[in-house]
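>>> no letters, just coordinates:
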């Protein structure tokens, strides 16, 4: 096989692989693109669909003094306290902070579109809880940003980003194989980059 034939065969294989990746990854990432596109709008305009609304709930009660009133702070029943509050008030989110001070304990629960702060008096065991819940749109917005959504969702965002990068690159590779549209396509890509940069310079403070 001559060098030109080998080169032509390699180009065909690259084009074939790029087409296959572009088509099927586009189908797989369709829902991803739709989700992040839609939530891009709701993030930019949170008041459109009530994404800025929130419900605040307050709770009060008293804990077992044995759990909180310990001279040795290592013996404070962290797990029991957290599980008790979760069970009693159906608290959500992950524990993002558990602070132990001389006279008070403070616990913060964080999740997408959700936050909860508990303050416990170590001398009496009395506690106060403030729980803030937001709607579905706020939940989508926090998932878009990956805020307080956990390691699993962080992986979803990373994989989604890789999918979209591959879809974009394979689309560009396919364009390079179309002789009649190659130059116009490359010029359009360059113009798109320049316009995006100009928008950044003009409109971003």
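That came through fine. Quick caveat, the model's predicted, so the values are computed rather than measured.
>>> can you pull the domain assignment for the protein?
Annotated domains of the chain cover 3-48+139-203, 54-134 [automatic domain parsing].
>>> what's the mean pLDDT across the longest one?
Right, the one you point to is domain 3-48+139-203. Average pLDDT, domain 3-48+139-203: 81.
>>> dihedrals phi and psi, residue 188?
phi -60, psi -40 (degrees, to the nearest 10).
>>> how close does it sit to residue 62?
68 Å (C-beta to C-beta, to the nearest Å). Glycine gets a C-beta too; all of them are placed from N, C-alpha and C.
>>> just want the most central residue of the chain.
Per C-alpha atoms, centre = their mean, the C-alpha nearest to the average position across the chain is that of residue 146, at 1.7 Å.
>>> quick check: which element contains the closest residue to that one other than its chain neighbours?
With sequence-adjacent residues excluded and distances taken as C-beta to C-beta, 6 or more residues apart in numbering, residue 146 is closest to residue 157, at 5.2 Å. Secondary structure assigned from DSSP states H and E places residue 157 in helix 150-176.
>>> list the contacts for the spatially closest residue to residue 174 that is not a sequence neighbour?
Leaving aside its sequence neighbours, residue 174 sits nearest to residue 18 (C-beta to C-beta, 6+ apart; 5.3 Å). Under the criterion of C-beta atoms under 8 Å, 6 or more residues apart in numbering, the neighbours of residue 18 are 170, 173, 174, 177.
>>> burial of the third one, as a residue count?
Translated: residue 174. 17 (other C-beta atoms under 10 Å).
>>> how about the nearest residue to residue 136 once chain neighbours are set aside, phi and psi?
Leaving aside its sequence neighbours, residue 136 sits nearest to residue 113 (C-beta to C-beta, 6+ apart; 7.9 Å). Phi and psi for residue 113, reported as degrees, to the nearest 10, are phi 60, psi 30.
>>> quick one, what contacts residue 113?
Residue 113 touches 133, 134, 135, 136, 138, 139, 141, 142, counting by C-beta under 8 Å, 6+ apart.
>>> per-residue pLDDT, it?
So residue 113 comes in at 92 (pLDDT).
>>> give me the buried stretch members for stretch 34-52, please.
Under the neighbour-count criterion of 16 or more other C-beta atoms under 10 Å, stretch 34-52 has 36, 39, 42, 43, 46, 51 buried.
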